[in-house]
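Undergrad: Predicted model follows, preceded by the sequence.
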Amino acid sequence: MSEIDSPKNKIEAAPADARALGVYVHVPFCATRCDFCAFYEEAPTAETVRQYLDGVAREVDLVRAKNGAGLRVDTVFWGGGTPGVLAAKDLRRLGDIVRGLWAGGGGSGPREWSVELAPGSVSEARLDALREIGVTRISMGAQSFRTELLEALGRRHSPAQIYRAYERIRAAGFTNVNLDLMFALPGQEEAAWLADVREAVALAPEHLSTYCLTFEEDTALWVKLSQGKVKLDAEREARLYERTWAELDAAGFAQYEISNFAKPGRECIHNLNTWRMQDWIGLGPSAASQHSGWRGTNVRDLAAWLAGLAKGVRACDDRAEATPALLAEDALIFGLRMNAGVDLEALRAKARESGAADLNWSEVGALVERLARDALAIREDGHVRLTLKGRLVADAIGSEMLGALTEAAP
């Protein structure tokens, strides 16, 4: 058993709160598009920002009309796009709108409220606005501390802006900060990546997210890949994963999901609830929701989203029933990405109680036994979690697990 697989580095799975409700707000504005980004975004103008804020207010009204006033909201997360593109007054207005979900009717506000910011958008005025509306956690997309790598990603900030933004965040009183980093970048040597990790650790954030560069269709990097200007290297990626995990473990950051590391008690609650298949409400164009027995994604178009709201409809591209079987499948797949793993017996019992009797748990059990024999997983009293070796191929295991779960029972 490796040091990182040892019990002292295992984060126990906290019991999921069946009443937990998350709110995700997609702010679809960016000044420029990064080469790796496939998220829906628009160039901001005074008019489109006004329309967007009016639209979120209308969408909140529709949610309240269907679900009643005073929801019990556990977490809020603003992503994008770049929420920091909004001016301080617009951030305050968006905060007031979102707070309408739990205002009145005995509702309660979130224990965690995260907002993503790009280093170049961090200002004292914006931070003051975020603190005033109740934001508790800042997630900043640093990506790298090397100018040439930032330029290769199409990022518009400099290393100096990262340091300045971080200082401002701390000076504004935020005590829960995440930094995003990316590795396996074109032209990035292993030593340069480890230097980035150490630079981030030296800033002493409470949380770090380290993402392996992926090539999404319809992005500038995808075009470069198709043209042969950049290449994939699976062995290099695996080596960087392992070096990253060892480096952060030694620095006191416990890994709790493939890409996420935290100081004790500073895991992102919003993400944990989402991975455990709790409900969340998505607001804004392209925002996904899983709530009241359905799952869907708002249309990826500001004008179409606004047109639907004008008709009293939250327009979705792929609305579908969140069946017990679907929730069990996703709870298993996402659960295996977390270091705490999955309580298979509890998940199986919950699925059957909810009516998902057609899932092939015996096939899943056989697969788990094989994974354990191959040192890819550890099974203890009905609980399964991946080893370091298993986490390196977590996506492949997830696909295989899904196939086993949905295979027709004999």
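TA: Thanks, I have it.

Undergrad: which element follows the lowest-mean-pLDDT helix or strand in the chain toward the C-terminus?
TA: Every helix and strand in the chain was compared by mean pLDDT, DSSP states H and E; the lowest is helix 220-226, with a mean of 44. Sequence-wise, the next helix or strand downstream of helix 220-226 (DSSP states H and E) is helix 234-250.

Undergrad: Counting residues, name the longest helix you see in the protein.
TA: When the chain is scanned for its longest helix (criterion: DSSP state H), the result is helix 46-67.

Undergrad: Determine how far it lies from the middle of the whole chain.
TA: Offset of helix 46-67 from its chain centre (Cα atoms, centre = their mean, to the nearest Å): 23 Å.

Undergrad: Skip ahead from that helix and say which helix or strand is next.
TA: strand 75-80.

Undergrad: Contacts for that following strand, please.
TA: 20, 22-30, 39, 41, 94, 98, 110-116, 269-271, 273 (Cβ atoms under 8 Å, 6 or more residues apart in numbering). The way it works is simple: take the backbone N, C-alpha and C, and place the C-beta from them, glycine included.

Undergrad: swap in stretch 156-173?
TA: 31-32, 117-120, 122-124, 127-128, 131, 138, 140, 142, 145-147, 150, 177, 179, 203, 205.

Undergrad: Kindly report the same for stretch 399-407.
TA: In contact with stretch 399-407 (Cβ under 8 Å, 6+ apart) are residues 328, 329, 332, 333, 336, 359, 360, 361, 363, 364, 366, 367.

Undergrad: now these in JSON lines, with distance to residue 349, neighbour count and secondary structure?
TA: Shown next, in JSON lines, are those (distance: Cβ to Cβ, whole Å; neighbours: other Cβ atoms under 10 Å; DSSP: H, G, I helix; E, B strand; the rest coil):
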{"residue": "328", "distance to residue 349": "11", "neighbour count": "21", "secondary structure": "helix"}
{"residue": "329", "distance to residue 349": "16", "neighbour count": "20", "secondary structure": "helix"}
{"residue": "332", "distance to residue 349": "13", "neighbour count": "24", "secondary structure": "helix"}
{"residue": "333", "distance to residue 349": "18", "neighbour count": "19", "secondary structure": "helix"}
{"residue": "336", "distance to residue 349": "18", "neighbour count": "23", "secondary structure": "helix"}
{"residue": "359", "distance to residue 349": "12", "neighbour count": "22", "secondary structure": "coil"}
{"residue": "360", "distance to residue 349": "16", "neighbour count": "17", "secondary structure": "coil"}
{"residue": "361", "distance to residue 349": "10", "neighbour count": "20", "secondary structure": "helix"}
{"residue": "363", "distance to residue 349": "17", "neighbour count": "18", "secondary structure": "helix"}
{"residue": "364", "distance to residue 349": "14", "neighbour count": "23", "secondary structure": "helix"}
{"residue": "366", "distance to residue 349": "19", "neighbour count": "12", "secondary structure": "helix"}
{"residue": "367", "distance to residue 349": "19", "neighbour count": "20", "secondary structure": "helix"}
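
Undergrad: Which one of those residues is nearest to residue 240?
TA: Proximity of the contacts of stretch 399-407 to residue 240 was ranked by Cβ to Cβ; the top entry is residue 336 with 21.1 Å.

Undergrad: residue contacts, the closest one?
TA: Applying Cβ under 8 Å, 6+ apart, the residues contacting residue 336 are 342, 384, 385, 386, 394, 397, 398, 401.

Undergrad: Take those residues and write them to a markdown table, including neighbour count.
TA: What follows is the contacts of residue 336, written out as a markdown table (neighbours: other Cβ atoms under 10 Å):
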| residue | neighbour count |
| --- | --- |
| 342 | 26 |
| 384 | 26 |
| 385 | 21 |
| 386 | 24 |
| 394 | 18 |
| 397 | 20 |
| 398 | 19 |
| 401 | 23 |
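
Undergrad: Secondary structure class of the spatially closest residue to residue 70 that is not a sequence neighbour, three-state.
TA: Using Cβ to Cβ, 6 or more residues apart in numbering and skipping residues adjacent in sequence, the residue nearest residue 70 is residue 105, 2.6 Å away. Secondary structure, DSSP: H, G, I helix; E, B strand; the rest coil: residue 105 is coil.

Undergrad: so who does residue 105 touch?
TA: So residue 105 contacts 68, 69, 70 (Cβ under 8 Å, 6+ apart).

Undergrad: can you tell me which of those residues lies nearest to residue 324?
TA: residue 68 (24.5 Å).

Undergrad: if we can go back for a sec, could you give me the buried positions within the longest helix of the chain?
TA: Neighbour-count burial for helix 46-67, counted by 16 or more other Cβ atoms under 10 Å, picks out 48, 49, 52, 53, 55, 56, 57, 58, 59, 60, 63, 64.

Undergrad: Just the buried ones among the contacts of strand 75-80, please.
TA: Using 16+ other Cβ under 10 Å, the buried ones in those are 20, 22-30, 39, 41, 94, 98, 110, 112-116, 269-271, 273.

Undergrad: how many neighbours does residue 241 have?
TA: Residue 241 has 19 neighbours, counted by other Cβ atoms under 10 Å.

Undergrad: Let me see the ranges of the helices in the stretch 101-250 of the chain.
TA: Shown for the stretch 101-250 of the chain, the helices assigned by DSSP state H, counting those that start in this stretch span residues 124-133, 147-153, 159-171, 190-203, 220-226, 234-250.

Undergrad: For the ones you listed, which has the smallest mean pLDDT value?
TA: The minimum mean pLDDT among the helices of the stretch 101-250 of the chain belongs to helix 220-226 (a mean of 44).

Undergrad: tell me which residues of stretch 377-387 are tucked away?
TA: Per 16+ other Cβ under 10 Å, stretch 377-387 contains these buried residues: 377, 378, 383, 384, 385, 386, 387.

Undergrad: Check which helix or strand the residue most central in space within the chain maps to.
TA: Nearest to the mean C-alpha position of the chain, by Cα atoms, centre = their mean, lies residue 271 at 5.6 Å. Secondary structure assignment for residue 271, by DSSP H and E: helix 269-275.

Undergrad: Return the mean pLDDT over that helix, rounded to an integer.
TA: Rounded mean pLDDT across helix 269-275 is 96.

Undergrad: Many thanks, have a good one.
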